[in-house]
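# okay, predicted coordinates and the sequence, questions at the end:
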There are 2 protein chains.
Amino acid sequence: MTFHALADPTRRGMLASLALGEKSIGELAEPYAMSFAGAAKHVKVLEGAGLIARRKVGRAQLCSLRAAPLAEAQQWLRQWERFWTLRLDRLEDLLRDAPEGEAE
Amino acid sequence: MTFHALADPTRRGMLASLALGEKSIGELAEPYAMSFAGAAKHVKVLEGAGLIARRKVGRAQLCSLRAAPLAEAQQWLRQWERFWTLRLDRLEDLLRDAPEGEAE
DNA sequence: CTGTAATTCAACCATATGGTTGAACGACTC
DNA sequence: GAGTCGTTCAACCATATGGTTGAATTACAG
């Protein structure tokens, strides 16, 4: 679900905004030419992906970044790291020459 | 576009399959309980995201992994690395204590 | 030339997504 | 209690997505 949450530029922007500190939903929504309710839906998607935590302060909902899913996503991408650290364009030759073996 | 391409488990599976070497579209489609045309659409999404390259061999289209967009995605995620290398649960306190300063 | 395998394309369908508006709710201000 | 601010919710809309089927294309095999 994390990748889907990250697929939208508005949501990535909100994460960047939260990187600077806690923000209310209204503060998160403000930079976007979009209704409050529309932006709140994006917040809900981020929350569903576990990327933000919320705490109630008076009538405001303060959101903060939860990086754990980002760490998992990065971990997943690391699987492929060898494909760009090794010369990419030679890799297919390596695999064809030794289809049963390991690339390293 | 990369994150959107990675958001679907079928497409992630296809990438994993391609990590083992070139595959035709039919070979990529075979593991999935889905029509050929349906799977071919996923391949097209991956291609649109620049995650696979294709070359024609006879009547088959051989697909191979292009890792560059994955590397970019990982690079993007690295922006947030400090949020999970620092103690996550203390971070919000740090930011609240020094709202104008840097976390490090 | 015929047939078939791998792919492409177009049409179609159901549901999800990204957005809107407007009404309702809970908490602070006066 | 009345007003208002921040938020939530429900209804609605247009378009995108993920899937289907069937017909058309292309390349090889006989």
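That came through, no problem.
# scan chain A for its longest helix.
When chain A is parsed with DSSP state H, its longest helix is helix A:36-48.
# that helix near chain B anywhere?
No: taking Cβ under 8 Å from any Cβ of the partner chain as the criterion, helix A:36-48 and chain B are apart, separated by no less than 11.6 Å. Backbone N, C-alpha and C define where each C-beta goes, glycine included.
# gap between that helix and the chain center?
14 Å (Cα atoms, centre = their mean, to the nearest Å).
# and if you look at stretch A:21-41?
Distance of stretch A:21-41 from the chain centroid (Cα atoms, centre = their mean) equals 18 Å.
# which of the residues in that stretch are buried?
A:21-25, A:27-29, A:39 (16 or more other Cβ atoms under 10 Å in any protein chain shown).
# if we can go back for a sec, who does the very next helix or strand once past the longest helix of chain A pair up with?
Using DSSP states H and E, the next helix or strand after helix A:36-48 towards the C-terminus is strand A:52-57. Strand pairing for strand A:52-57, using DSSP bridges, gives strand A:60-65 (antiparallel).
# and the helix or strand following the strand it pairs with, anywhere near chain B?
Later in the chain than strand A:60-65, the nearest helix or strand by DSSP H and E is helix A:68-78. Yes: using Cβ under 8 Å from any Cβ, we find that helix A:68-78 touches chain B at A:68, A:70-71, A:73-74, A:77-78.
# confidence score at the closest residue to A:Ala67 other than its chain neighbours?
Nearest non-adjacent residue to A:Ala67, counting by Cβ to Cβ, 6 or more residues apart in numbering or on different chains: B:Phe83, 3.8 Å away. Listed pLDDT for B:Phe83 reads 83.
# what's the burial count for B:Phe83?
When neighbours are defined as other Cβ atoms under 10 Å in any protein chain shown, B:Phe83 has 19 of them.
# got the phi/psi numbers for it?
Phi and psi for B:Phe83, reported as degrees, to the nearest 10, are phi -70, psi -20.
# ok, it to A:Glu47 distance?
The spacing between B:Phe83 and A:Glu47, counted by Cβ to Cβ, to the nearest Å, is 17 Å.
# before we move on, what about A:Glu22?
Distance, A:Glu22 to A:Glu47, using Cβ to Cβ: 14 Å.
# tell me, what's touching these two both at once?
A:Cys63 (Cβ atoms under 8 Å, 6 or more residues apart in numbering or on different chains).
# which residue is the nearest non-sequential neighbour of the residue nearest the centre of chain A?
Centrality entry for chain A: nearest residue to the mean C-alpha point is A:Leu6, 4.1 Å, by Cα atoms, centre = their mean. Nearest residue to A:Leu6, sequence neighbours excluded (Cβ to Cβ, 6+ apart): B:Phe3, at 4.4 Å.
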